[in-house]
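Peer 1: one predicted model, sequence on top.
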Amino acid sequence: MSMDSMRGKSAIVGMATAGVGEAPGFSAMELLGQAAVKAVNEAGLKMQDIDGVFAATSSHAFPTMSVVEYLGLKPRFFDGTNVGGSSFEMHLLQATLALEAGLCDAALVCYGSNQRTAGGRLVSMSEPQWHETPYKPRHPITAYGLATSRHMAEFGTTREDLAEVALAARGWANLNPEAFARGPLSKDEVLSARMISDPLTKSDCCLVTDGAAACVLVRADRAKDLPGKPVYFMGAGGANYHRSIVAMPDLTTTAAAESGPRAMEMAGVSQKDIDVVMLYDAFTINTILFLEDLGFCPKGEGGRFVRDGRIAPGGELAVNTNGGGLSCVHPGMYGLFLIAEAVAQIRGEAGERQQDNCNIALCHGNGGTLSSQCTAILGSEAAL
Amino acid sequence: MKDTDVSQLGPQAAYEAYLAAGRFMIQRAASTGEYVFWPKVTSPTGATDLEWVEAKGTGTVYAITVNRARSGAYNVALVELDEGVRMMSTLPGVETAEIGARVTARIEDTEEGPRVVFDLAGEDAA
């Protein structure tokens, strides 16, 4: 199977979220279940039709087993690849491979978390790295603080540049009724927020929310017969060099510099073709790094690129139109919510934040400490 | 600790045993000359003839952050050793440091055991 033979071969035919923000009284699996039921209904399928399951969570050691039992499924194919928040962009690729190979006919990709109401802290099953432990890093923020320090030293990126990312995210969130953090936010407020891990303040960090998401994929020929407007898989690619930030070859260049071109080559698109750019913004530096690594601006220019509202509503490039992990939703692993927003934009269902003629969206997932990088490109029928 | 004892240990345990004996040791592949840190059973190019060598103990601050907990602040740094490998560490004597600052290693005893930490060196110490 050649790479370009996968382009357009599968489509998302159902996509749903549940419990975005705060969902007191519900477990992670209950929220996941709600999203899955909604996504399958929207696809015009029955739960029993699902014969492929793809899942990763922060709270289940064996996520596909737990999902299968909870939803009463008997899948022929399942994959619990866990590469942190980027898992779901990889699941789109794996689901497409499995569908195309005939290993399954209807694939469910799903995630659920109640980490906000369960404790209000980031939940992680991530094990300590023995060579880091004596220095008491507080991951993930220590790692991202280190990467930010290096970017500032090498390229002159400033805290004001980071603030632009947070302000743009809030601007988009204010157009999204589902976003958790809405309301006015000033540059002064952002810059005077409590320092947590130099140079990152509380305003540079993503939210801790509840939330679940699920999508259903089928082969493209079958998608045409289902009720919803299909959103096609156009391409995806992953790249990964390290687990611990200690082993990241260059703290200012992520593996997105390889995953992005891989995905774009498969999709047959370049940066100028992309209408909406969804970047995993666990911290403000992420947006800057990924804009550079994915080729939307030269390496080192990300800080200057985001100035003057360029990625905010009304700016030149529509980035993180849901409000991002910074202001919309971040329930531990955010990758599937990037896909949810891309689907909403391509279907034309994004309300006040809808981009005109949105046919192609890029979703870039990040996992670990700038570790796993997975890029997926989705498109409308017109984009094929 | 005799080297013969260490030779029976895996790379992590050997590193920690050397540290307990007051020595900061890193690995080098005899065939390729590659330095390896953190300690492993193979080099990045696949060499497995790894030997323990005394680290020079000099390096440069590659990246640094200050963890500001309510209980107090401490820095966490990535130090690039002059051998070319990077390690996580801390500079206990200062709040923070410039990236690119020259540093020197020493072994510090803590309640959790010995660890390699760094002090500013030369002009950077002034």
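Peer 2: Okay, I see it.

Peer 1: any idea which strand is longest in chain B?
Peer 2: In terms of residue count, the longest strand belonging to chain B (DSSP state E) is strand B:58-69.

Peer 1: which parts of the stretch 151-300 of chain A are strands?
Peer 2: For the stretch 151-300 of chain A, the strands defined by DSSP state E, counting those that start in this stretch cover A:195-197, A:200-201, A:210-219, A:231-239, A:276-279.

Peer 1: of those, which is nearest chain B?
Peer 2: strand A:195-197 (4.8 Å; CB to the nearest CB). From N, CA and C alone the C-beta is placed, and that goes for glycine too.

Peer 1: in that closest one, what's buried?
Peer 2: Residues of strand A:195-197 classed as buried: A:195-197 (neighbour count, 16 or more other CB atoms under 10 Å in any protein chain shown).

Peer 1: in chain A, where's the longest strand?
Peer 2: What stands out as the longest strand in chain A, according to DSSP E, is strand A:10-21.

Peer 1: can you list the strands that that strand pairs with?
Peer 2: In the sheet, strand A:10-21 lines up against strand A:210-219 (antiparallel), strand A:231-239 (antiparallel) (DSSP bridges).

Peer 1: residues touching the residue nearest to A:Asp198 when sequence neighbours are not counted, list them.
Peer 2: Among residues not flanking A:Asp198 along the chain, B:Val66 sits closest, at 4.2 Å (CB to CB, 6 or more residues apart in numbering or on different chains). Applying CB atoms under 8 Å, 6 or more residues apart in numbering or on different chains to B:Val66 gives the contacts A:145, A:195, A:197-198, B:73-76, B:95-96.

Peer 1: PyMOL command for the buried members of the residues you listed?
Peer 2: Buried subset of those, written as a PyMOL selection, criterion 16+ other CB under 10 Å:
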select buried, (chain A and resi 145+195+197+198) or (chain B and resi 74+75+76+96)
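
Peer 1: any idea which helix or strand comes after the longest strand of chain A?
Peer 2: As assigned by DSSP states H and E, the chain's next helix or strand after strand A:10-21 is helix A:28-42.

Peer 1: whatever residue of chain B ends up closest to chain A: neighbouring residues, count only.
Peer 2: Closest contact between chain B and chain A, by CB to the nearest CB, is at B:Thr65 (3.2 Å). When neighbours are counted by other CB atoms under 10 Å in any protein chain shown, B:Thr65 registers 27.

Peer 1: distance of it from B:Met87?
Peer 2: Distance of B:Thr65 to B:Met87, computed by CB to CB, to the nearest Å: 15 Å.

Peer 1: residues touching the most centrally placed residue in chain A, list them.
Peer 2: In chain A, the centroid-proximal residue (CA atoms, centre = their mean) is A:Gly335; its distance is 2.6 Å. Neighbouring residues of A:Gly335 by CB under 8 Å, 6+ apart: A:85-89, A:111, A:280, A:363, A:365, A:367, A:374.

Peer 1: apply 7 Å and report the result again.
Peer 2: Shown in contact with A:Gly335 (CB atoms under 7 Å, 6 or more residues apart in numbering or on different chains): A:85-89, A:280, A:365.

Peer 1: which residues of chain A lie near chain B?
Peer 2: Within reach of chain B by CB under 7 Å from any CB of the partner chain, chain A has these residues: A:130-132, A:134-135, A:137-138, A:142, A:145-147, A:149-150, A:153, A:195-198, A:246, A:251.

Peer 1: which of those are buried?
Peer 2: For these, a neighbour count by 16+ other CB under 10 Å gives the buried set as A:131-132, A:134-135, A:137, A:142, A:145-147, A:149-150, A:153, A:195-198, A:246, A:251.

Peer 1: could you tell me which of these belong to helices?
Peer 2: Within these, residues falling in helices by DSSP state H are A:142, A:145-147, A:149-150, A:153.

Peer 1: which strand residues bridge the residue nearest to A:Asp198?
Peer 2: Counting by DSSP bridges, B:Val66 is bridged to B:Asn75.

Peer 1: measure it to B:Ala77 for me?
Peer 2: Distance, B:Val66 to B:Ala77, by CB to CB: 10 Å.

Peer 1: tell me, how many residues neighbour A:Leu71?
Peer 2: Neighbourhood size, A:Leu71 [other CB under 10 Å]: 21.

Peer 1: how far away is it from chain B?
Peer 2: For A:Leu71, the distance to chain B (CB to the nearest CB, to the nearest Å) stands at 41 Å.

Peer 1: same thing with A:Ser126?
Peer 2: Taking CB to the nearest CB, one finds A:Ser126 at 15 Å from chain B.

Peer 1: how about the helices in the stretch 51-200 of chain A?
Peer 2: In the stretch 51-200 of chain A, the helices defined using DSSP state H, counting those that start in this stretch lie at A:63-71, A:87-100, A:115-118, A:141-155, A:159-173, A:187-191.

Peer 1: ok, which of those helices comes nearest A:Ala318?
Peer 2: Closest to A:Ala318 of the helices of the stretch 51-200 of chain A is helix A:159-173 (CB to CB; 8.5 Å).

Peer 1: for residue 55, what are its contacts?
Peer 2: Using chain A. Shown in contact with A:Ala55 (CB under 7 Å, 6+ apart): A:63-64, A:67, A:80, A:110-111.

Peer 1: let me rephrase: I mean chain B.
Peer 2: B:24-26, B:81, B:83, B:105.

Peer 1: what pLDDT does the model give it?
Peer 2: Looking at B:Ala55, its pLDDT is 98.

Peer 1: which parts of chain B sit against chain A?
Peer 2: Counting by CB under 7 Å from any CB, the positions of chain B adjacent to chain A are B:12, B:38, B:62-68, B:76, B:78, B:86-90, B:96, B:99, B:112, B:115.

Peer 1: pLDDT score assigned to residue 81?
Peer 2: Here I'm looking at chain A. In this model, A:Thr81 is scored at 97, pLDDT.

Peer 1: try chain B instead
Peer 2: The score at B:Leu81 is 98. That number is its pLDDT.

Peer 1: now do the phi/psi pair for it.
Peer 2: Backbone geometry at B:Leu81, expressed as degrees, to the nearest 10, gives phi -70, psi 150.

Peer 1: near it, how many other residues are there?
Peer 2: Residues lying near B:Leu81 (other CB under 10 Å) number 24.

Peer 1: same thing with B:Trp38?
Peer 2: Residues contacting B:Trp38 under the criterion other CB under 10 Å number 20.

Peer 1: what residues are up against it?
Peer 2: By CB under 7 Å, 6+ apart, B:Trp38 lies in contact with A:131, A:246, B:87.

Peer 1: does it count as helix, strand or coil?
Peer 2: Secondary structure, DSSP: H, G, I helix; E, B strand; the rest coil: B:Trp38 is coil.

Peer 1: residue contacts, the closest residue to chain B within the stretch 1-150 of chain A?
Peer 2: Minimum separation of the stretch 1-150 of chain A from chain B (CB to the nearest CB) falls at A:Gly145, amounting to 3.2 Å. Residues near A:Gly145 by CB under 7 Å, 6+ apart: A:197-200, B:65.

Peer 1: not counting sequence-adjacent ones, nearest residue to it?
Peer 2: Ranked by CB to CB, 6+ apart and with sequence neighbours excluded, the top spatial neighbour of A:Gly145 is B:Thr65, at 3.2 Å.

Peer 1: A:Met152 is in contact with that neighbour, correct?
Peer 2: No: B:Thr65 lies out of contact with A:Met152 (CB atoms under 7 Å); the separation is 11.1 Å.
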